[in-house]
Each structure stands twice: as structure tokens, then as C-alpha cells.
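Participant: Below: sequence and its predicted model.
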Amino acid sequence: MRERLAGRIESARGHDLWAGKVDRYGVPVTKHVGRSTTVRRLVWELNHGPLDPGDRVRGCPDEPACVRVDHLSCTGAQVATASARSPRGAGSLRQTTPGTWQLSVTAGRHDDGSVRRSFRTVRASSERAASRELAAFVAEVHSAGQPAQKQDRSVTFDAAVDQFLTEHLLEEKGREPKTVSDYRLLHAKWFSPEIGTKQLRTIDEAVIDRLFGRMARAGLSRSRMNQAKSLYRPFFRWARSRRLIDRNPMADFQLPTARKASQERTPPEVEELVLLLCTAAEVVPEVAPVLALGAVTGMRRGELLGLRRSRLQPDAGRLVVDAAIDEGRRVKTTKTRRDRTFHVDAETMSVLLSHCAEMDRRADAIGIPLVPDPFVFSLVPDCAEPMPPDYVTRRVAVLKEHLGIADKRPETIAAEDEALRLHRQQPAARRAGRTGPSPAGGHSLAEIGRQLGRSDRWAAGAIASAQRREQAAARGLTHAFDGSILALRKFTSTELLDAGFNISVVAQRQGHGPGVLVKHYAKSRESADRRAAEHLGRVVHGTPVSPT
């Protein structure tokens, strides 16, 4: 009987739930010795011995389908094997597996009259050690406040995270919608599938460690896992302050070691930057002024596109940065929510004024007047809308592909190089009587695509990409430098620090603190490393300079 019942019992949410037949009131029932009886009675008799006909076994007050013996109670005759009852509110413990104990504490009632019961699973080597854990749990439950409504105590992990992101981060803290959206995507991919439907109060340290360990084994970088930590650490603090949980499972959390080796991307050298900007003027002329201003000022992409003409101060040679454009093309404040003003050189200001004059001529040619205080960079004739951020990113990708420095995986580069090798093979002897032009290479595009499991269109693009990389190497580009917009920001920070400017001045121009500047934007370039080696060589091996 015990084995037959165990096959239909599932443990979930701190209960042993009956998965078999129930009556119209939801009470678990089954057949025993040819007659129908409740599963509660059978479980009770298996653990405490036979009952008298007048005895009744009451179910779990929180879950009708629960048949866990310590959640049941018996009315009528006393049970011979029952032990002395612990004082009310002292809690109970039960060993589930060797070394694992489940603790249960009752603390008052909810506003609907149902019992407030808290559960926790702990590791303990003996019953005495488990009793100590139970005593600490009882003190914790009775010292911490409990939510008035039962549904708050039984909220699922998904529902609590959604409430935290919507009510707390967006409405109370005023975080950017994109930040909240990124958090939602992270939660939906790595945490929701496994624990989203579980009750929030059942999430413990072991669950958190297991999920972060899964992220590490999947090869996620440390920055990606830090993003998850930045979401769930304040989330659990928020949940505890609202009495949804008794304790914070991430109070002493430490990130696991990331297995992915982060790729260090250094900003371009001066010669590489000049090549990038000159090529941009030929290949993507509409975004070339944006890239030039980014290289000179180190402004963020959204700040570059949010610049209005009224923020240009030609006489003073300064710019005012007080707005930015997000992915949804919405005008917002800067990332630090602070305006900043800094000087720009005369030549850069002249480039911006010439660009504005070109926009004026374009509007006059079309016959559309400019709006008041137009955007400096815009694709519409009246400059009423900023240039979209995703458009700039796509055009920069075209520029990088043209230069042969596009960001591609090693396996993609290898496939493109193989396509070029097949293209350059000696063409096979042409069959007699075959009409049409001969293939341009040793294999046709269709044949190259078939051999590499791709289409002929992919083969054409792959051959062109491989050729552009060869041309880049011929120009002296021995490595594919970072040509992104973020790289321009890193270039500005690194160049100013290498030139000896005060770190506070550089940080103020970039719009962040000195700590962020040193950690994320100031990088060691090869040219600076060579100068450092030469300086140390002169100091160590050269003649010391006599003091004056």
C-alpha cells in the first residue's frame, strides 16, 4: 500500500500532493480492500497505526490535495503512537532525505482566516542540529512581519519579478525602459523556465547557486552574470522589505567563476582612427560627421544624435550635452541625468556648422522650412526627428565590412576564407559544346555554396569579405581594430589620459566618474605600451639625469 500511494504523490510547494482521483470536494480518495476511502486516512494509519471507525482525519488547511502526514490531524480517539505536541508556534521538523530536513513554522493567520505557515529546507547532520536550525527559523519568522494577504505569501517567482520591475524599478526608481526590458529578457531566458512558477518563498541559496552555475557552464561572461546579480540582489531585498520572504537568499552570494575568457578590445590607434574617418566620408557620408564628433568628444551614441543646434556655442567653442536618444527614438535625459558642457576645437566646430549649412541647403532645395531648434543630425528634411540610433549602427557595420574589420566569429572567418580558396582554384576543363560564360573562378558560386552548406548568395558575399580582409592586411592592418561607436569613446578617454590630462577632466567630458573611466574606458594601446617600454629602458639602462 505504501508503494502504491507513493507512486501517486508529488512533492511541491512544501506539500505532498495527491495526483490521483479526488471527490467533488477535492479530497484525495482511492480504493482499499474493495471499498473507497480517503488517502488521508490510509497515510495516517500507515504512520500511526489503525484508527477506530469513529475517528476522522482532517486535511491540510492550506492545500486540500496535500496528504503529508505532519499536515494532517486526527479527531476522536487518541493515537497510541502520537508524541507529545510541541508548544504552539514552536515549529516542527521532518527528515526528507538523509541529511536534509524540512522545517515548518506556524505564525498566526491571514486576513481570510487561513493559517500562516512558513517552510524551509535545511542541511543538518543530526536531529539535534536540525532542531537548532528550527529554533533559529522560529525566531526569524516571529520577529519578521508577515503579509496580511495569503496571495502575497504565495506569490510566484515570475509574478514577484514582474511586480518588482514594473512598480519598483520603472515607477518608483525611474529606471530607463530599456534597462528594465533587458532585465526581463535575462529573467525569461535563464531563470523563469526553471523556477518561474515556484513560490517565491521556496527559493533558497541552493537554487540561486545552481542557476548561476548553469550560466557559468553555458559560457556566459562575467559581465553578463553581473547583470543578473544586479537584478536579483535588489529584488530579494525588495521582496523581504515587503514581507514576501523571510530572508534574502542572496545576502552572502558570490558570483561563480566565469569560464568564458573575455576578449579585450582595445581602442584604435591614431592612424587607424584616421583611416576609419576618411573611409566613412566616402562609404557612409551621412554618418561621417557623427563619427568625427564622437571621436573628438567621446559622447555616447544617444547623446550625439540628441544634439540640437541651440546646444552649439560657436563663439565660446563649446557644446552643451543635456539629452539623448534611446533605441525607441525617444528623447530622454543623459545616462547620468546631468547636463555637461565642454569645449571643442575650432575645426570640429567648423565641421558641425558646415554640416548644419548643408542641412539648410537640403531643406531649401525641397522647399520645406526647418523646425524651431532642429536636430544637428537628422534624416528628415526639416530636421524635426533625430537620426535613429539603429540606423547609425547599421551604417557603421557597412563601414567596418568595407574596411575588412567586421566583428565575426572565427568559424565564420574560416568559412569565408575557404570560399575564397575554392573561388581561386584553377577552373576545370570546360566540357565541349557547353554554352555560356566560363566561371570567374575554379568553382561557380553555386558549387561553393553546396560544398560549404550555404547558398550561392552567401558564397558571393563571403568571397567579397575575405578579399576585403586581404586588402586590409595589405594596407598594414595586421589585426582587426575595434571600429564601433563605443570604440570612439574609448579612444577619446585613452588618448587624453596618455597625453597626461587630469583624470577628473577626462571623466567630466565623458560624463561619468573616474572609477568607471579607469575600469571600462581607459585601455592600454600598443603605442602607449611601446612608449612605456622605451621610458623604462632609458631609466634602467640609460644615464640618470642629474638633479638641478
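Facilitator: Thanks, I have the structure now. Numbering: from 1, shown residues only.
Participant: which stretches of the stretch 51-200 of the chain have low pLDDT?
Facilitator: Along the stretch 51-200 of the chain, segments meeting pLDDT under 70 span 76-90, 108-116, 142-153.
Participant: do the same with the stretch 351-500 of the chain
Facilitator: 427-431, 434, 436-442, 477-480.
Participant: in it, which spans are helices?
Facilitator: Applying DSSP state H, counting those that start in this stretch to the stretch 351-500 of the chain gives helices spanning 389-403, 410-423, 445-451, 456-474, 485-498.
Participant: Now do the buried residues in the second one.
Facilitator: Judged by neighbour count using 16 or more other Cβ atoms under 10 Å, the buried positions of helix 410-423 are 413, 415-417, 419-420, 422-423. The C-beta positions use only the backbone N, C-alpha and C, and glycine is treated the same way.
Participant: Output those as TSV; include the columns distance to residue 169.
Facilitator: Formatted as TSV, the buried residues of helix 410-423 follow (distance: Cβ to Cβ, whole Å):
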residue	distance to residue 169
413	40
415	42
416	43
417	46
419	47
420	49
422	53
423	52
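Participant: between the residues you listed, which is nearest residue 316?
Facilitator: residue 413 (47.9 Å; Cβ to Cβ).
Participant: roughly how far apart are the closest one and residue 472?
Facilitator: Residue 413 sits 12 Å away from residue 472, going by Cβ to Cβ, to the nearest Å.
Participant: and residue 342, what are its phi and psi?
Facilitator: Backbone torsions of residue 342, given as degrees, to the nearest 10, read phi -150, psi 160.
Participant: roughly how far apart are it and residue 136?
Facilitator: Residue 342 is 56 Å from residue 136, where distance means Cβ to Cβ.
Participant: out of these two, which sits in the more crowded spot?
Facilitator: More neighbours surround residue 342 than the other of residue 342 and residue 136, with 17 against 13 (other Cβ atoms under 10 Å).
Participant: That one pairs with what?
Facilitator: Taking DSSP bridges as the rule, residue 342 bridges to residue 319.
Participant: ok, it to residue 317 distance?
Facilitator: 10 Å.
Participant: got it, and residue 514?
Facilitator: Taken as Cβ to Cβ, the span from residue 514 to residue 317 is 25 Å.
Participant: cool, and residue 188?
Facilitator: 48 Å.
Participant: mind checking the SS state of the nearest residue to residue 490 once chain neighbours are set aside?
Facilitator: Once flanking residues are discounted, residue 490 sits nearest to residue 267: 3.9 Å by Cβ to Cβ, 6 or more residues apart in numbering. Secondary structure, DSSP: H, G, I helix; E, B strand; the rest coil: residue 267 is coil.
Participant: again with residue 125
Facilitator: The assignment at residue 125 comes out as coil when based on three-state DSSP.
Participant: List the residues that contact it.
Facilitator: The contact partners of residue 125, taken as Cβ atoms under 8 Å, 6 or more residues apart in numbering, are residue 99.
Participant: gap between it and residue 95?
Facilitator: 11 Å.
Participant: where do the strands sit along this protein?
Facilitator: For the chain, the strands defined by DSSP state E occupy 9-12, 15-18, 29-32, 35-38, 56-58, 73-75, 92-97, 100-109, 115-123, 312-313, 318-321, 324-325, 331-332, 340-343.
Participant: Of those strands, flag the one that's most buried.
Facilitator: Mean neighbours per residue, mean count of other Cβ atoms under 10 Å, is largest over the strands of the chain for strand 324-325, with a mean of 24.
Participant: Off-centre distance for that strand?
Facilitator: 22 Å (Cα atoms, centre = their mean, to the nearest Å).
Participant: what does it contact?
Facilitator: 300, 302-303, 305-306, 331-335, 386, 388-389.
Participant: Distance of the closest residue to residue 279 other than its chain neighbours relative to residue 95?
Facilitator: Excluding the flanking residues, the one nearest residue 279 by Cβ to Cβ, 6+ apart is residue 403, at 5.9 Å. Distance, residue 403 to residue 95, by Cβ to Cβ: 67 Å.
Participant: Equivalent analysis for residue 463, please.
Facilitator: From residue 463 to residue 95 the distance is 68 Å (Cβ to Cβ).
Participant: Ok, residue 355 next?
Facilitator: 75 Å.
Participant: One more: residue 394?
Facilitator: 61 Å.
Participant: burial count for residue 169?
Facilitator: The number of residues packed near residue 169 is 20, by other Cβ under 10 Å.
Participant: Which residues are in contact with residue 393?
Facilitator: 301, 485.
Participant: residues contacting the residue nearest to residue 192 when sequence neighbours are not counted?
Facilitator: Among residues not flanking residue 192 along the chain, residue 158 sits closest, at 5.6 Å (Cβ to Cβ, 6+ apart). By Cβ under 8 Å, 6+ apart, residue 158 lies in contact with 192, 196-197.
Participant: Buried members of the residues you listed into ChimeraX, please.
Facilitator: The ChimeraX selection below is limited to those of those classed as buried (16+ other Cβ under 10 Å):
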select :192
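Participant: now, which of the contacts of residue 158 lie within helices?
Facilitator: Counting by DSSP state H, these place residue 192 in helices.
Participant: of all the contacts of residue 158, which comes closest to residue 510?
Facilitator: Checking the contacts of residue 158 one by one against residue 510 (Cβ to Cβ), the nearest turns out to be residue 192, at 36.1 Å.
Participant: before we move on, the earlier item: tell me the spacing between the residue nearest to residue 192 and residue 129.
Facilitator: Computed as Cβ to Cβ, the residue 158 to residue 129 distance reads 34 Å.
Participant: Who are the contact partners of the closest residue to residue 385 other than its chain neighbours?
Facilitator: Spatial nearest neighbour of residue 385, chain neighbours left out: residue 378 (5.9 Å); criterion: Cβ to Cβ, 6+ apart. Listed by Cβ under 8 Å, 6+ apart, the contact partners of residue 378 are 359, 384-387.
Participant: Name the member of the residues you listed with the most neighbours.
Facilitator: That'd be residue 386 among the contacts of residue 378, by other Cβ under 10 Å, with 25 neighbours.
Participant: and it, how far is that from residue 379?
Facilitator: Spatial separation of residue 386 from residue 379 under the definition Cβ to Cβ is 9 Å.
Participant: And for residue 290?
Facilitator: Distance, residue 290 to residue 379, using Cβ to Cβ: 12 Å.
Participant: Residue 250 too?
Facilitator: Separation of residue 250 from residue 379 (Cβ to Cβ): 45 Å.
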